[in-house]
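Enquirer: below are the sequence and a predicted model for it; my questions follow.
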Amino acid sequence: MSNYGFESPTFVACRQNWASYLANFPSIPSYFFRETQSTQSNIVESNGYDHLIYVNPNDYPLEPKSSYGRDNKWTVLETQRTWKRFVTQLEFVISNHPDHWVIYVNITAFLSLTALNRILPALPDKGVYAGWPHLLRSDNLLYHSGSGIIYSPDIARLLLTRLNEYSFSGLEAGDIVWGKLLHDIPRSIIPFAQVTPYDTGSSDLVGQLGHACRYLDKGHYLFRIKNTSDTLPRELIDPQLQMYIMLESLRDLESRSRLHLSLTINAHNQVRLGQGITVIG
């Protein structure tokens, strides 16, 4: 599942990429949530493309112009609204698929479903909260980036219960709070690749494409795609790069398949055995 809004043209273009990619996996239930203003709050309704979440404008009024659209930073009110959307969509997915693993992915990221179909059987049936790790130094908290998180069915239900008991201020990012609410659940680390001009050494699309392909060949399957160049807006880079990685991942080379499984099992076992955390990428 994922969600997005019209705050950025990058979001809209990446949503179209996901529609093309997911056409290759018709057996996997996929949901993309988008907010719509209505006094009938907490209703979720499909329009044939997205699942619309009805949000009461009296509770979460729209601001004159999205702060994120201006400077890539969310206001407190925007964060509160995205939180409300997340709780509603998680409840919707769990109610429709109570025994399914729940995979949350950022609209501008990419997580290979081909790899997941091999990896999930290698993980425990319960107790899995997996993703790309971040450390919140002020709280000494290890949490997973919202770019891509895997919840086993029991942890998805536990998170929803705790979300409904939590009073969210909007002062922290949602993925940090998810990590705090799952403080007692071990973190499983999955291979990832950060794809930005900063670590490719180049802001040109060709350089980033080559960088992404090298990570695919190494067995990585979670990609965070975020152009940080001051000269090129995200909508000129991120959607094109995301689509390329999606298409490349569908080639599914046998050597990649073995690496996907090996990297994930090794990373998970290190955490399970208390041998420390190795972040690959």
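Expert: Structure's in. What do you need?
Enquirer: for this protein, where's the lowest mean pLDDT among helices and strands?
Expert: helix 67-71 (a mean of 56; mean pLDDT, DSSP states H and E).
Enquirer: the helix or strand that that one is followed by - contacts with which helices or strands?
Expert: Per DSSP states H and E, helix 67-71 leads on to helix 76-96 as the next helix or strand towards the C-terminus. Using 3 or more C-beta pairs under 8 Å, 6 or more residues apart in numbering; DSSP states H and E, the elements in contact with helix 76-96 are strand 2-3, strand 32-37, strand 44-46, strand 51-55, strand 102-105, helix 153-164, helix 174-181. Glycine gets a C-beta too; all of them are placed from N, C-alpha and C.
Enquirer: in a markdown table: those, plus distance to Ser249 and mean pLDDT.
Expert: Below are the helices and strands packed on helix 76-96 laid out as a markdown table (distance: least, C-beta to C-beta, whole Å; pLDDT from 0 to 100):
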| stretch | distance to Ser249 | mean pLDDT |
| --- | --- | --- |
| strand 2-3 | 17 | 92 |
| strand 32-37 | 19 | 88 |
| strand 44-46 | 27 | 93 |
| strand 51-55 | 25 | 89 |
| strand 102-105 | 13 | 94 |
| helix 153-164 | 25 | 95 |
| helix 174-181 | 23 | 90 |
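Enquirer: tell me, how many residues neighbour Ser169?
Expert: 11 (other C-beta atoms under 10 Å).
Enquirer: same check, this time on His144
Expert: Residues lying near His144 (other C-beta under 10 Å) number 25.
Enquirer: what sits against Lys226?
Expert: Going by C-beta atoms under 8 Å, 6 or more residues apart in numbering, Lys226 touches Thr108, Gln194, Val195, Thr196, Arg234, Asp238.
Enquirer: so for stretch 122-141, what gets flagged as buried?
Expert: Across stretch 122-141, burial judged by 16 or more other C-beta atoms under 10 Å covers Leu123, Val128, Tyr129, Ala130, Gly131, Trp132, Pro133, His134.
Enquirer: looking at the residues you listed, spot the one nearest His260.
Expert: Nearest to His260 among these is Leu123, at 12.5 Å by C-beta to C-beta.
Enquirer: which pLDDT value goes with that closest one?
Expert: At Leu123, the model reports a pLDDT of 82.
Enquirer: what's the answer for Glu235, then?
Expert: 85.
Enquirer: kindly report the same for Pro61.
Expert: 61.
Enquirer: and if you look at Val271?
Expert: 58.
Enquirer: same check on Ala173?
Expert: Confidence score, pLDDT, at Ala173: 82.
Enquirer: which residues does it contact?
Expert: Thr79, Gly146.
Enquirer: that one and Ile94: what is the separation?
Expert: As for Ala173, its distance to Ile94 is 22 Å (criterion: C-beta to C-beta, to the nearest Å).
Enquirer: Gln40 too?
Expert: 21 Å.
Enquirer: show me which of the two is the more surrounded one.
Expert: A direct count of neighbours by other C-beta under 10 Å for Gln40 and Ile94 places Ile94 higher, at 18 against 10.
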